[in-house]
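In: kindly generate the corresponding structure for this input.
(4 chains)
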4 protein chains.
Amino acid sequence: MSNRKLKMGMIGGGPGSFIGAVHRISAAMDGIIELAAGAFSSSPEKSAETGKELFLPSERVYGSYDEMFEKELLLPESERIDFVAIVTPNHVHFDPTKKALENGFHVVLDKPMTFSYEEAKELNKIIEQTGLLFCLTHTYTGYPMVKEAKHLIATGVIGKVRKVYVEYPQGWLWNKLENTDYKQAIWRTDPSKSGIANCMGDIGTHAFNLAEYVSGLKLTKLCADLNCVVEGRTLDDDGAVLLKFEGGASGVLMATQIAPGAENNIKIRVYGEKAGLEWEQDNANSLIVRHPEAPDQIYRAGGNIPYLSSFALENVRTPGGHPEGYLEAFANLYRNFARCLYARKNGETPKKEWEDYPGAEDGLRGMAFVEHVVKSSNSNEKWTKFEL
Amino acid sequence: MSNRKLKMGMIGGGPGSFIGAVHRISAAMDGIIELAAGAFSSSPEKSAETGKELFLPSERVYGSYDEMFEKELLLPESERIDFVAIVTPNHVHFDPTKKALENGFHVVLDKPMTFSYEEAKELNKIIEQTGLLFCLTHTYTGYPMVKEAKHLIATGVIGKVRKVYVEYPQGWLWNKLENTDYKQAIWRTDPSKSGIANCMGDIGTHAFNLAEYVSGLKLTKLCADLNCVVEGRTLDDDGAVLLKFEGGASGVLMATQIAPGAENNIKIRVYGEKAGLEWEQDNANSLIVRHPEAPDQIYRAGGNIPYLSSFALENVRTPGGHPEGYLEAFANLYRNFARCLYARKNGETPKKEWEDYPGAEDGLRGMAFVEHVVKSSNSNEKWTKFEL
Amino acid sequence: MSNRKLKMGMIGGGPGSFIGAVHRISAAMDGIIELAAGAFSSSPEKSAETGKELFLPSERVYGSYDEMFEKELLLPESERIDFVAIVTPNHVHFDPTKKALENGFHVVLDKPMTFSYEEAKELNKIIEQTGLLFCLTHTYTGYPMVKEAKHLIATGVIGKVRKVYVEYPQGWLWNKLENTDYKQAIWRTDPSKSGIANCMGDIGTHAFNLAEYVSGLKLTKLCADLNCVVEGRTLDDDGAVLLKFEGGASGVLMATQIAPGAENNIKIRVYGEKAGLEWEQDNANSLIVRHPEAPDQIYRAGGNIPYLSSFALENVRTPGGHPEGYLEAFANLYRNFARCLYARKNGETPKKEWEDYPGAEDGLRGMAFVEHVVKSSNSNEKWTKFEL
Amino acid sequence: MSNRKLKMGMIGGGPGSFIGAVHRISAAMDGIIELAAGAFSSSPEKSAETGKELFLPSERVYGSYDEMFEKELLLPESERIDFVAIVTPNHVHFDPTKKALENGFHVVLDKPMTFSYEEAKELNKIIEQTGLLFCLTHTYTGYPMVKEAKHLIATGVIGKVRKVYVEYPQGWLWNKLENTDYKQAIWRTDPSKSGIANCMGDIGTHAFNLAEYVSGLKLTKLCADLNCVVEGRTLDDDGAVLLKFEGGASGVLMATQIAPGAENNIKIRVYGEKAGLEWEQDNANSLIVRHPEAPDQIYRAGGNIPYLSSFALENVRTPGGHPEGYLEAFANLYRNFARCLYARKNGETPKKEWEDYPGAEDGLRGMAFVEHVVKSSNSNEKWTKFEL
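Out: Numbers count the residues shown, from 1 in each chain, chains lettered A, B, ... in the order given. Next comes the predicted model:
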């Protein structure tokens, strides 16, 4: 099986989709995955249109994902898709993922995992039962310097963690964008498609995932303040959460979509008993390590950087100083997923660095986070216990 | 009276004092204030030693502030001190300030205002009754670009305020510094000298003051999580506070002393309905104005910058590109205080830009902030109403 | 022809090649080019090995580029490669490019164009005669904010250009790396493979190309100081050049490979009669526009940025705040080249934004630059006239 | 004599002077120097006006510096000025400095040293003959992190120096400012007041001084290109210089006044055989140390920073994170000069850190630099030997 690229079928990603193109670029970049089929839209016409633009043969472009699963299974394994990439709105995560898995296809799924926490729990069981590979695209954990940060903490460089600040400031929903025809704004602010949270589901889960990933700590309780800032919205477009982690560390999570001019600069700072770490997406190839009594250090991404851990080095493509960005971080998720899939096909044990991509547990915890912050925000009690 | 420099008497600021030297440099910088007398320590020997180092005539160096008030009043007005600068630990704020005012001396007082909220309320009354000038050294409101930020918000440039993020990360108390002979660490972590809060009193009040100053909004309720991170401490050395302001804006305040490697980078971000503002001390001469649909702008400090408001221009000394820093911001408080004092002596109306220095109300609100965050942190209720 | 991806054959890029992988990633990223054939090494075994790793069918992996041209021409046009990407060392640029063109294949060639200026002149004629598409991968002109800078200057935003500073500091040859088995260091410092210049050929030409591209001005004379810093080298590893442009503007170009710790931060600053522009690779998604009497502006890359020109917008893939980097800039060259190739195949007129990729004239001027800086550095005359 | 502040008399610094105020603030800041007398203008009325604003007794405000020297010498030594600060335009540097020294007054002089190189040579002899203290205010060598940079190089941290880049970009003369009543622009662009160079005398000498100071190397030859960019000027307002230093290092110096929007961001980068250093005024409290195979380091200014050298620590006033800027750097020159003067008065040996302020040799070399760059710019020979 290793004598060909892995074959990917895409669900969603039709006309106007931002994240569909991101998934396709990320999958294509490293020359180990090819887009082989797709059900790009619930409209068969739109699906066909997208498939044509992507140079897919028309027989591999489907009018629905049900059709895709059915027809692909009829193909010989050498031609059949190996996995699906699901890039639909939140309310269309559960069903195609469930069916993909039940039909034997591995899955890459856009976050958050599902429409509701209940769905996430059920999906988690299916993933476990099928034993298939599952990747949830929490992009930011794909950055090499985020991986280096996690590694430095895991190996004790900053000492026991005391404090975690994580923030995700955006401004794209600063005004009533959903009143235009901007598709993404429309569904994200619509409770029937987004779920019980907008901002916290979309970017709060990214921040939460990043905090747990880098710190290596699990959340134990939280206190949330969600806001619905732009008039007429029914879901949160802003929020802040006080955090408590196992072992006593505390933290603050801030996520907003209504800060005009803020783009996408997700940032994390973690302080331990001996040192601190700071990383932000706008300066993605640097990791600042702060010391109380020695000069701060700037760790840099790059394939030739001798002091980096294997976790960072397995996730770069160029020498230091050739900036890699969002698409490469996203592609790292795909590449690691693909490397694990190749290993499985070849009966080999994947490297631990490859297995380090977000999966089912991240998805479940993310949906639990959404559930708990909404509950906390509606409560007069200060602390809400976080439990799955 | 305007044919001489203003004469300052200092209380505190003896051997080992950090803030005493800061006050003296700030007062001296602009050539309009001279240090004329001092009671620098509760130890008369140490006071004398400091006085000699500062080239003061021995007869103007006192063994106590009581003595200073008594003796100075015997001098002719042309030689007598005009005001006192009080730079002692928190538990020695109330008494010398009260007595200074009651003896007719104007006062510059280091923050926080007092040891307790009760003292602050009483002091506030005395300030009002005496009608004397009172400046509380909330340094950061002295920065020209902080004043510009306030001005831009006040004149509607960012629209109605939605969100305030303010943070003050420090690391100097990352370990048990109070076990050494480091004077400032000892008293700040000592409830008998600091009051009911350490971190929130020392830097939390700065952050709170900055948030209200820049946004122009008053806090209405809060939800605090204070932590005592380094083992053996009885007062907070870390904390985070969710904020609600009049008019519906929300915010987050973070202050910590236990982030190893963090220095002093107080930072504020305010987002309104139309634009956002970002300022941080490490880049003090720039103010970033973010726009949702136009290039972000970098406002710069400098006496020759044509687009700055009079509030910024009255608080610089050099053309753009000659960085002014912490000491100049501090000196701006002194210079504005002195300009108002000159005006009063000359029977003139001071410019509104000069009157824009922190005073009694800031002090009272700061102590109320300390009172409320401690109360909230101890409470299971999420929100604590903020009221004076 | 537009119903399939463009087919690329690669020459060079075998084991140990840095730039071969960069070309492949860049070509693959946008899903419009597929690697269909290759002669990856002068060793047929190594070529075969690389071909296998890249999942190419063995019959499309060749032992030499001569063989590739011969065999590909036997294939039906629908399967045959459309163009070649040539990623060999400098001394193997001329021959394969010449033969590719003479056999009717369009060409993407890594810079500098050739081993010598004489070769460049000859190649230029062949390109002109064949009328085929030719792209020279001066990566940095592929960055959207570099294109925006060029556009702002071309439309008069900064006024007539006065001053150009361009710099390319590297440190990778800070020690005798060519004494190890590091392939790239070995050939770059070898006059029989690199030509008459190392540093100026490798990165000096990038800086020169960037300066002319952004400013829109042509060089008229120069004064160069090349240095051979690390003992034992025969080619320059460092240099600086004073520049004079048509219309009277002056400039400075700095390129070095021996600055320990410097990575790859190519930077350009252009000042005109009204304003200035600053861009650097380490902050690639921002373009600073400096104004003498108004706040500086930060232009940002992103598909949703309303104020950007079409030249920038045609060269991004994500909304603002999702950093795109070196690989995306490189991919922009490929995408524009491919769009023009599609247009040609379809008999359509390409957009002017697509035609904006570096080509034959850039290559010729770059080699003339190398020729002139070496001549100038060896001369006692201050100024050397720059002429093709 | 150590029981009083040092007494300073100022020459120049009347109405409209920028640098006069800078000198006064810098001298006053540390409480060890008092302004005691002045001849602030060649107009006795203006001198008196300035003296009054500065709260000087009228009998210590003079109509000319000749008068000041004469009258001050009549005062008892305990009241008499100890030194003069000369802050006049270049053409009024030589005479008052010469006379001050001949009358026994130590001197602080604004740079460049004199109107011409000839004057500088003569003045140098007088300084040597009188043996009095002489400080030339090359501000930038007063920054603590500049001193740290010099120290790191001197102690071998970066190895033998290879490359020096120094730049001083300004924009204040981007248009014909001398056609307004802006005093400083008028005299700087006037050959009868500025000398043979404007830009190179004003800021080129700063850059040159900084390069030699930090690198510890002496210039041996240069190749200059001076430009007169804004129409109607007779002196340079822009220039670039290729440099060669003893020991084989090379460098580039760039100085311009016509880059619109550039403020004052003087920057130096030095690369040695092992590592590199980077410092710029806009980020004055940080010094970046770059390593080829280890994380870069950020050295930070601050009185509590344990890893700093005594040269940096003797030149700060606050703990790390309280930004000190241009005025503090300037004040460091005054403080070190004053400490040495106190030591002399007390018959003590000053610390070597205090003696590290720019003096006669810096002044002479700076004027030689001006002489040589003008000569080189007018020459067709590439290299001009630099010799005193």
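In: rest of the way, CA atoms for contacts and neighbours
Out: Noted.
In: which residues in the stretch 151-300 of chain A form helices?
Out: With DSSP state H, counting those that start in this stretch as the definition, the stretch 151-300 of chain A shows helices at residue ranges A:183-188, A:191-194, A:199, A:205-215.
In: in contact with the residue minimising distance to the centre of chain A, which residues?
Out: Taking CA atoms, centre = their mean as the criterion, A:His138 is the residue nearest the geometric centre of chain A, at 1.5 Å. Contact analysis of A:His138 by CA atoms under 8 Å, 6 or more residues apart in numbering or on different chains lists A:110-111, A:206, A:209, A:358.
In: can you name the residue of the stretch 51-200 of chain A nearest chain C?
Out: For the stretch 51-200 of chain A, the residue positioned closest to chain C under CA to the nearest CA is A:Phe55, at a distance of 5.5 Å.
In: what does the residue nearest to that residue when sequence neighbours are not counted show for phi and psi?
Out: Spatial nearest neighbour of A:Phe55, excluding adjacent residues (CA to CA, 6 or more residues apart in numbering or on different chains): C:Arg4 at 5.5 Å. With angles defined as degrees, to the nearest 10, C:Arg4 shows backbone torsions of phi -140, psi 160.
In: what of A:Ile11?
Out: A:Ile11 has phi and psi values of phi -120, psi 120 when expressed as degrees, to the nearest 10.
In: wait, what's in contact with it?
Out: A:Ile11 makes contact with A:38-41, A:65, A:84-88, A:96, according to CA under 8 Å, 6+ apart.
In: who in the stretch 1-150 of chain A is up against chain C?
Out: Counting by CA under 8 Å from any CA of the partner chain, the positions of the stretch 1-150 of chain A adjacent to chain C are A:3-5, A:18, A:22, A:24-26, A:28-32, A:52, A:54-55.
In: which two among the residues you listed are spaced furthest apart?
Out: Between any two of the residues of the stretch 1-150 of chain A next to chain C, the greatest separation by CA to CA is 31.8 Å, found for A:Asn3 and A:Phe18.
In: what's the separation between A:Gly272 and A:Tyr165?
Out: 12 Å (CA to CA, to the nearest Å).
In: neighbour count winner among the two?
Out: Here A:Gly272 and A:Tyr165 are set side by side on neighbour count (other CA atoms under 10 Å in any protein chain shown), and the busier one is A:Gly272, at 23 against 20.
In: so what's that one up against?
Out: The contact partners of A:Gly272, taken as CA under 8 Å, 6+ apart, are A:158-163, B:259-260.
In: which of these are close to chain C?
Out: Restricting the contacts of A:Gly272 to those adjacent to chain C (criterion: CA under 8 Å from any CA) removes every one of them.
In: including neighbour count, could those go into CSV?
Out: Rendered in CSV, the data for those read as follows (neighbours: other CA atoms under 10 Å in any protein chain shown):
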residue, neighbour count
A:Ile158, 23
A:Gly159, 16
A:Lys160, 18
A:Val161, 23
A:Arg162, 24
A:Lys163, 27
B:Ala259, 32
B:Pro260, 27
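In: most tightly packed of the helices of the stretch 151-300 of chain A?
Out: With neighbours defined by mean count of other CA atoms under 10 Å in any protein chain shown, none of these is more surrounded on average than helix A:199, at a mean of 28.
In: what about the helices in the stretch 1-150 of chain A?
Out: Ranges of helices within the stretch 1-150 of chain A are A:18-28, A:44-53, A:65-72, A:94-102, A:117-130, A:144-154, based on DSSP H, counting those that start in this stretch.
In: which residues are contacting the fourth one?
Out: By CA under 8 Å, 6+ apart, the list of residues contacting helix A:94-102 from outside reads A:11, A:65-66, A:69, A:84, A:86, A:106-107, A:109, A:113-115, A:119-120, A:123, A:126-127, A:130, A:132.
In: ok, now with 7 Å
Out: Outside of helix A:94-102, the residues within contact range by CA atoms under 7 Å, 6 or more residues apart in numbering or on different chains are A:65, A:69, A:107, A:114, A:119, A:123, A:126, A:130, A:132.
In: check contacts around the closest residue in space to A:Lys193 that isn't next to it in sequence.
Out: Closest residue to A:Lys193 apart from its sequence neighbours, by CA to CA, 6+ apart: A:His91 at 4.9 Å. Residues in contact with A:His91 (CA under 7 Å, 6+ apart) are A:114-115, A:193-194.
In: if we only consider the residues you listed, which is nearest to chain B?
Out: A:Ser194 (23.5 Å).
In: I'd guessed that closest one sits against A:His93; true?
Out: No - proximity of A:Ser194 to A:His93 does not meet the contact threshold set by CA atoms under 7 Å, at 10.6 Å.
In: elements contacting the helix or strand of chain A at the bottom of the mean pLDDT ranking?
Out: For chain A, the helix or strand with the lowest mean confidence is helix A:183-188, at a mean of 94 (criterion: mean pLDDT, DSSP states H and E). Using 3 or more CA pairs under 7 Å, 6 or more residues apart in numbering or on different chains; DSSP states H and E as the contact criterion, the neighbours of helix A:183-188 among helices and strands are helix A:191-194.
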